[in-house]
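Student: Here's a sequence, model it:
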Amino acid sequence: MADDDVRAQLRGAARAHRPDRARMLARTERGMAGSSGSGAEPRRRAPSRPWPRVVLAAAATAGALVAGGYAVATVVQPPGPGKVTTRPAGPAGPGEDRPAVPAPPPRTEDGPLWSDGSVDPHSNAYWAQSNVTLRTERPLTTLTVELRITQTGGVLDTGHWATLPSADFTVSVDEHDGVLVYRWTLKPGRTVPAGRHVFAGQYNHAEGGRDAKDDTYAATARAPDGASGGELRVRGAF
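Tutor: Take a look at the predicted model:
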């Protein structure tokens, strides 16, 4: 009977026993770590961080990245469509190109006065002659003819002439600002008769064919008694 009582008590204790699984697992891990023989310390699990701190830290990191990205984009982003860079207007500095002053348009005819500019066909590879031809339907009481030859290299005056009497004109030849200028001015009290008249300037130039596209001429005149309604002006190129 005594043995039956003992067996009954053991069966009741066994049924009432609940094993502590957490403690068993911890012991098993410690046993495995100790038996590895590597001498390494057991790995410790990092303590968990309360979730509010985790959220705040992530938000701060994201904010820093966004701010940094905006700063980089601001520096390296090229101007988009519609963005124009300007600078204050002012005089051009050394080395800056200045806008070219456009030449006045040709005006080869004014009332009774007609004009034309041409390079004489007898010009050659070293020497040339430029002709200004005027035709007037009325006598002229004043007349000034100006022939401008651009310095293209080696341009040097060699003479001039006109079909009108040389004693009726004052003639000058000057070079300034890279231009050789011939000027005929009718003397006071003299008159240019109606008809066709030629004024020619002669000059040497650098060897080869010379381009006369930048050469120009101009003439101003007045007819007696204001028959043309005032001063006459003509101008052109070659």
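Student: my read is L147 is in a strand, agree?
Tutor: Yes. Under DSSP: H, G, I helix; E, B strand; the rest coil, L147 falls within a strand.
Student: Nearest residue to it in space, please, no chain neighbours.
Tutor: Y182 (4.2 Å; C-beta to C-beta, 6 or more residues apart in numbering). In short, each C-beta sits where N, CA and C put it, glycine included.
Student: Pretty sure that neighbour sits in a strand.
Tutor: Yes. Checked against three-state DSSP, Y182 lies within a strand.
Student: Relative to L113, how far out is it?
Tutor: 19 Å (C-beta to C-beta, to the nearest Å).
Student: ok, T216 to V132 distance?
Tutor: Per C-beta to C-beta, T216 is found 10 Å from V132.
Student: could you show me where the helices are in the protein, in order?
Tutor: 2-16, 21-35, 51-76 (DSSP state H).
Student: Among those, which one carries the weakest average confidence?
Tutor: When mean pLDDT is averaged over each of these, helix 51-76 scores lowest at a mean of 35.
Student: Quick check: end-to-end length of stretch 148-156?
Tutor: 12 Å (C-alpha to C-alpha, to the nearest Å).
Student: What count of nearby residues applies to the nearest residue to G154 once chain neighbours are set aside?
Tutor: Spatial nearest neighbour of G154, chain neighbours left out: A206 (3.7 Å); criterion: C-beta to C-beta, 6+ apart. Neighbours of A206 under the rule other C-beta atoms under 10 Å: 11.
Student: who touches A206 in this structure?
Tutor: 152-155 (C-beta atoms under 8 Å, 6 or more residues apart in numbering).
Student: Now T133: closest residue in space, sequence neighbours ignored.
Tutor: The nearest residue in space to T133 (C-beta to C-beta, 6+ apart) is D116, at 4.7 Å.
Student: The one you found and G236 touch, don't they?
Tutor: Yes. With contacts counted by C-beta atoms under 8 Å, D116 reaches G236, the gap being 6.9 Å.
Student: quick one: common contacting residues for those two?
Tutor: T108.
Student: Give me the more crowded residue out of the two.
Tutor: Set D116 next to G236 and count neighbours by other C-beta under 10 Å: G236 wins out with 19 against 16.
Student: ok, now which ones touch the more buried one?
Tutor: 106-108, 115-117, 216-217.
Student: Cool, thanks, talk later.
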